[in-house]
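Asks: Give me a 3D structure for the following:
(3 chains)
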Amino acid sequence: MMSTISETGTAGALRSVPAPSRGHLSPDLGRWLLNGFVGLVLAFLLLPTLIVVPMSLGEASYIQFPPKGLTLKWYHAYFSDPDWMGATWFSLKTAFATAIGATVIGTLASFALVRGNLPGARALQALTLAPLIVPHIVLAVALYLVFAPIGLTGNFAGFAIANTMLSVPFVVLTISAALQRFDPALELAALSCGASRTQAFWHVVLPNIAPGVAAGAVFAFLASFDEATVAFFISGVEGKTITRKLFEDIDYNLTPVIAAASTVMVVVSLALMAGVEWLRSRSADRPVNSPK
Amino acid sequence: MADATAATDRSLVGQLSRPASLALALPLVLLLGFAFVVPVAKLLAGSVFAPNLTAEHWLRIVQEPIFLRILLRTVQTAAIVTVLAFLLGYPVALVMSRQQGRGAMLIAACVLIPLWTSVLVRSYAWIVLLQRTGIINSALLNWGLIDQPLRLIYTEGAVIVAMTHVLLPYMILPIFSSLRSIPPELDRAARNLGAGPWTSFRMVTLPLSLPGVYAGAIMVFILSLGFYVTPALVGGPQNLTIATLIGQQTTELLNWPFAGALAGLLLAVTLGLVAVFRRVLSFGKAG
Amino acid sequence: MSETSIIGRADWDPPPSAAALKGEAITISGLSKRFGSVVGVDHVDLRVEAGEFLSLLGPSGSGKTTLLMMLAGFETPSSGTVSLGARDLTRVPPDKRGIGMVFQRYALFPHMSVAQNVAFPLKMRGMSRAESEPLVEQSLARVRLEGYGGRMPSQLSGGQQQRVAVARALVFQPPVLLMDEPLGALDKKLREELQIEIKTLHASLGVTIVYVTHDQEEALTMSDRIAVMDKGRIQQLGSPVALYHEPESSFVADFIGKMNFLSGTVAGLNDGRIEIDVSGQRVSVARSQLGGRRELGRGQAVRVAARPESIALVQASDDAIPVEVETSIFLGSHRTLVARTTDGTQLQVQLPFARLAAADEPRGMAFLRLEPGALRVFGAEG
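Replies: I've put the predicted structure just below:
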């Protein structure tokens, strides 16, 4: 709809931008509501995660809220129970082996994938990521089907193989990213300074991707340590992970010892996570790798 | 001569020769072959050769209404969880993307700490919260709001709430990284050109963040379709999903061919979704 | 006449000619912005006249961008006011200010076509597609991009994207256009082309333009007046000619154009003139050539600023500055001689090309004379 042109005084500028008259909330109230909502969501994320900590310190032998009394007896029970300790050590041992295995295999493969001349590189890349996408329940029953007849269930070797397969994608992802960020000009500079290819790798490439390698190793450790579904299926009476033990006890024997064991798991995860964030911030402090 | 030049060029950009590449990739190929390809292939083969070629186990999925119901409920639960995760996660990602320094660190910690905590621990926490004598029932009884404990655990609602909690970070992180990649001048330009905060969000920020929304939604949907731990613990035997059904068929009924067919179906749906939405997906646990 | 045509839902009509678009004056008084303990902008007073092209020029961190952001409404002032014409804008949100803005990196919406980008401000003002279409075409034509409406921003070159940004900022006929280093991302040749284009647009539209840049050449080329900023304050406000020839501080002298600084000593004061000894030459300057208006005493150390074009190469003399020639640079229209005085100060001297055949290019020792009338004198400390 058009009408006549209107000439007004300087105050006309006021009207050159008609105010939206749709009656929205004032921006301040809107922001306040948004922040309040986000606060609630963050509480929803964080509180159930950390609730195991107070639960593990309560006096009563059943779950009670709010917990009454303060005691470490459930930790004592956890640390003195050979079954719990066995499962914990078994998990730590397999996680450690997985971290080493996945880091070595993943680092080598990352070089082949990023720097290599590989037939079917795209297919291998897709296959490498598959364990991230394929539901763990599918992998769990499939692994059980193959591992059980050849004696790879309920023991260290079977877990090391299965968990290495499950966590190698994390390693390949972080190291490939680090390799891609790495400026090949730095390697050229090293070569032009008289370094051999091998020397350039050890003195220039590796120190620059080291944070990525270390982060990949930590991811692999945690992926193995926290894994529950596959562990549930390929555990045995002897070789049993802390996650399988938790699973069993939650189903049959719900005592605060579970909360204590859970707290131990949370502490292990968070300590490693803090380590990775530290590595990440350190590698982010080096802008020299990513010229703009 | 041309070959020699090509070879120098390759060494210049730090490329590896084909035999070296193959040697480096070999351990990974062996590992994935032994612990991924062969087991999955054997499981799937078992569903159609039992021992002769048959479609019996696959047909059973659609022929028996109970299984069809479980399938539909799994899809429905996954869809609800995805929508809830979007509704809860988008505002968090938005506020997080506009924060600097300490505020951003604080929100990131709230999102990453659950992500890095074992799913089992978080599912256990929901049992503690929801069971008959759990925290929520105790609190409601204490405050006199109810006389009898509510039945919270082993319900579909419990599965949805717990799965939303467990999978929310997978929604928040891709949306966050998508929002962070939008230059802040665009919002300023929209505001300058006459758009209010809400209009600027609706017309500029939201459409530009959609790739992150799609990535997060696909990720959450796929993960909830195949989720085992949380439905097994919080949903109980009455609320089977396809994943817990697979578990039940193998551990209790030892019906491997049927479990293979169910696993094949789950796998096909998952890979199909990934193939369709491949472009928007970026993998990685954090960030 | 301070009348202005307006765009409003009810009483708007496309102007018959672009001339209907009139600029308005901006008045900034006592404007400050503090970020914690850091002062971004420090008590700035400035009036930008209606239709004026004013540049805010300064190094990064000088406060020029913060000042612009406060004009646009993206930063809230810690104190002071901003008004447009008679209207106080200080607390008005950005979307209700009706000021156009062109951003450094174009800020085109990547998910909208060129036409949708340009139509965006009209849509925000409630205009229908049918109403906005001719305006969008007209605005694109103004920046010589007719027919580009259907393209996506990513399909355009940097220069074209910036022209779309200008079309988008002008389509709703704002009385004021803010430009935040709009040409910073372009290469030199394109930059110069667009400078002329923006200047022409300004002349034909009469819109008030506030232009932020760190490029002094750009500011000199385009502006009616330049406000040189440093440390959150306006160090000097004036026409390009005034800033070039009469800088008030050595900061401004140094920032605008090429400038040589020599140390000198006040040898005598008489009759409103000052005698200064500079590295072997005695110059006599008028008091009006003194920057910063400070009092001088005999024997006091001063800094003498001389443009390369106001230093001449002369024959050996007692009343000239002996220098060692280091190199000479061919620059097309002239030649620059780089020389060093006995106290180690490096000087750049612009030699008219005609005077210098390649054969008698100076080498070794040479003598320079400053042209006294073109000098500026500053206190030794600033």
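
Asks: what's the average pLDDT for stretch C:42-56?
Replies: Averaging pLDDT along stretch C:42-56 yields 95.

Asks: same check, this time on stretch B:128-148
Replies: Computed over stretch B:128-148, the average pLDDT equals 83.

Asks: same check, this time on stretch B:152-164
Replies: Mean per-residue pLDDT for stretch B:152-164: 90.

Asks: Pull out the buried positions in that stretch.
Replies: For stretch B:152-164, burial by neighbour count (16 or more other C-beta atoms under 10 Å in any protein chain shown) applies to B:L152, B:I153, B:Y154, B:T155, B:E156, B:A158, B:V159, B:I160, B:V161, B:A162, B:M163, B:T164. (C-beta placed from N, C-alpha, C; glycine too.)

Asks: Relative to the whole chain's centre, how far out is it?
Replies: Offset of stretch B:152-164 from its chain centre (C-alpha atoms, centre = their mean, to the nearest Å): 16 Å.

Asks: contacts for that stretch?
Replies: The contact list for stretch B:152-164 (C-beta atoms under 8 Å, 6 or more residues apart in numbering or on different chains) reads B:73, B:77, B:80-81, B:84-85, B:88, B:122-123, B:126-127, B:130-132, B:134, B:136-137, B:224, B:227, B:230-231, B:234-236, B:238-239, B:241.

Asks: Among the residues you listed, which ones are in helices?
Replies: Within those, residues falling in helices by DSSP state H are B:73, B:77, B:80-81, B:84-85, B:88, B:122-123, B:126-127, B:130, B:136-137, B:224, B:230.

Asks: What is the nearest of the residues you listed to C:D318?
Replies: B:L88 (86.2 Å; C-beta to C-beta).

Asks: What separation do you get for the closest one and A:M165?
Replies: Noted for B:L88: a distance of 33 Å to A:M165, by C-beta to C-beta, to the nearest Å.

Asks: For the buried residues of stretch B:152-164, could you give me TSV that also reports secondary structure?
Replies: Below are the buried residues of stretch B:152-164 laid out as TSV (DSSP: H, G, I helix; E, B strand; the rest coil):
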residue	secondary structure
B:L152	coil
B:I153	coil
B:Y154	coil
B:T155	coil
B:E156	helix
B:A158	helix
B:V159	helix
B:I160	helix
B:V161	helix
B:A162	helix
B:M163	helix
B:T164	helix
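
Asks: What ranges does the chain have for its helices?
Replies: No chain in the question, so chain A it is. Taking DSSP H, the helices of chain A run over residues A:12-16, A:27-50, A:52-55, A:73-80, A:82-115, A:121-133, A:136-147, A:156-181, A:184-192, A:197-200, A:206-226, A:229-234, A:242-252, A:256-284.

Asks: meant chain C, my bad for not saying
Replies: Using DSSP H, helices in chain C cover C:64-72, C:114-124, C:129-142, C:158-170, C:188-205, C:216-222, C:240-245, C:250-255.

Asks: For A:V41, list the residues it contacts.
Replies: Listed by C-beta under 8 Å, 6+ apart, the contact partners of A:V41 are B:L88, B:G89, B:P91, B:V92, B:L168.

Asks: Keep only these that also lie close to chain C.
Replies: Cross-checking the contacts of A:V41 against chain C (C-beta under 8 Å from any C-beta of the partner chain) gives no overlapping residues.

Asks: In those, find the pair that's most separated.
Replies: Largest separation among the contacts of A:V41 by C-beta to C-beta: B:P91 and B:L168, giving 11.7 Å.

Asks: Pick out whichever of these two has more residues nearby.
Replies: Remark: of B:P91 and B:L168, B:L168 carries more neighbours, 25 against 18, as counted by other C-beta atoms under 10 Å in any protein chain shown.

Asks: Could you point out the helix or strand that follows the strand or helix carrying the more buried one?
Replies: Using DSSP states H and E, B:L168 sits within helix B:156-180. Downstream of helix B:156-180, the next assigned helix or strand under DSSP H and E is helix B:184-192.

Asks: Now do that following helix against helix C:114-124, angle only.
Replies: 40 degrees (axes from the mean of the first three to the mean of the last three C-alpha atoms, to 10 degrees).

Asks: Just checking the distance from helix B:184-192 to the centre of its chain.
Replies: 34 Å.

Asks: near chain C at all, that helix?
Replies: Yes. Helix B:184-192 comes into contact with chain C (C-beta under 8 Å from any C-beta), by way of B:E185, B:L186, B:R188, B:A189, B:A190, B:R191, B:N192.

Asks: The helix or strand that B:R102 is a member of - what's its average pLDDT?
Replies: Assigned by DSSP H and E, B:R102 falls within helix B:101-115. In this model, helix B:101-115 has a mean pLDDT of 88.

Asks: helices and strands of chain C: which one bottoms out on pLDDT?
Replies: strand C:4-5 (a mean of 38; mean pLDDT, DSSP states H and E).

Asks: Any idea how many residues pack against residue 221?
Replies: Using chain A here. Under the neighbour criterion other C-beta under 10 Å, A:F221 is assigned a count of 27.

Asks: wrong one, chain C
Replies: C:T221 sits with 15 neighbouring residues when counted by other C-beta under 10 Å.

Asks: wait, what's in contact with the closest residue in space to it that isn't next to it in sequence?
Replies: Leaving aside its sequence neighbours, C:T221 sits nearest to C:Q195 (C-beta to C-beta, 6 or more residues apart in numbering or on different chains; 5.6 Å). Applying C-beta under 8 Å, 6+ apart to C:Q195 gives the contacts C:L183, C:E218, C:T221, C:M222.

Asks: quick one: contacts for residue 48?
Replies: With no chain named, the answer covers chain A. B:R122, B:A125, B:W126, B:L129, B:H165.

Asks: nope, chain B
Replies: By C-beta under 8 Å, 6+ apart, the contact list for B:V48 reads B:T54, B:A55, B:H57, B:W58, B:A261.
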